[in-house]
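Visitor: I would like to see how this sequence folds:
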Amino acid sequence: MLTGRCECGTVKFEVSKVRNAVTACHCSQCRRLSGHIWATTVAQLGDLRFLSDKTLKWYRSSSKAKRGFCNTCGANLFWQLNDNDEISIAAGSLDDTSGLSLTKHIFVKDKGQYYDIEKGTPQFEAF
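Guide: This is a model prediction of the structure:
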């Protein structure tokens, strides 16, 4: 069982199984919402359980998806396509990331001009 939380601790969750692959998204929306790139792992929605979620708010970020964040500390925690049984979880929100590894970069055509992506990890121009 993995545990995670927002920075202030008012949103806490546990997840029984996550994909060990982490995806780094460089799209302009993720960069604006996180301040840089956004790295996520994925879990089945049924494997996620909230221990505390009173400050968890959802933002409809597009017609296709929503994002979950803590409305106290502002931590970006989740991304989910509409009516999907999978949920993306911010890798940095997990307490133990020892089993995770960065496996790909997406939306690299939108990346910020101020940084480079290290060679060796697959890069994709879109999703």
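Visitor: Flag every buried residue along the lowest-mean-pLDDT helix or strand in the chain.
Guide: Ranking every helix and strand in the chain by mean pLDDT, DSSP states H and E puts helix 28-34 at the bottom, with a mean of 91. Going by neighbour count (16 or more other Cβ atoms under 10 Å), the buried part of helix 28-34 is 29-31, 33. C-beta here means a position set from N, CA and C on the backbone, and glycine is covered the same way.
Visitor: could you dump those to TSV with distance to residue 12?
Guide: Converted to TSV, the buried residues of helix 28-34 look like this (distance: Cβ to Cβ, whole Å):
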residue	distance to residue 12
29	26
30	23
31	27
33	21
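Visitor: tell me which of those residues is nearest to residue 6?
Guide: Nearest to residue 6 among the buried residues of helix 28-34 is residue 33, at 14.1 Å by Cβ to Cβ.
Visitor: Report the contact partners of that closest one.
Guide: 61, 67, 76 (Cβ atoms under 8 Å, 6 or more residues apart in numbering).
Visitor: Show the subsequent helix or strand relative to the strand or helix carrying the second one.
Guide: Right, the one you point to is residue 67. Using DSSP states H and E, residue 67 maps to strand 65-70. Using DSSP H and E, the helix or strand that follows strand 65-70 in sequence is strand 76-81.
Visitor: Return the set of buried residues in the helix or strand just after that next one.
Guide: Per DSSP H and E, strand 76-81 leads on to strand 86-90 as the next helix or strand towards the C-terminus. Using 16+ other Cβ under 10 Å as the burial criterion, the residues of strand 86-90 that qualify are 87-90.
Visitor: Greatest separation within those residues: which pair is it?
Guide: Checking the buried residues of strand 86-90 with Cβ to Cβ, the most distant pair is 87 and 90, at 10.7 Å.
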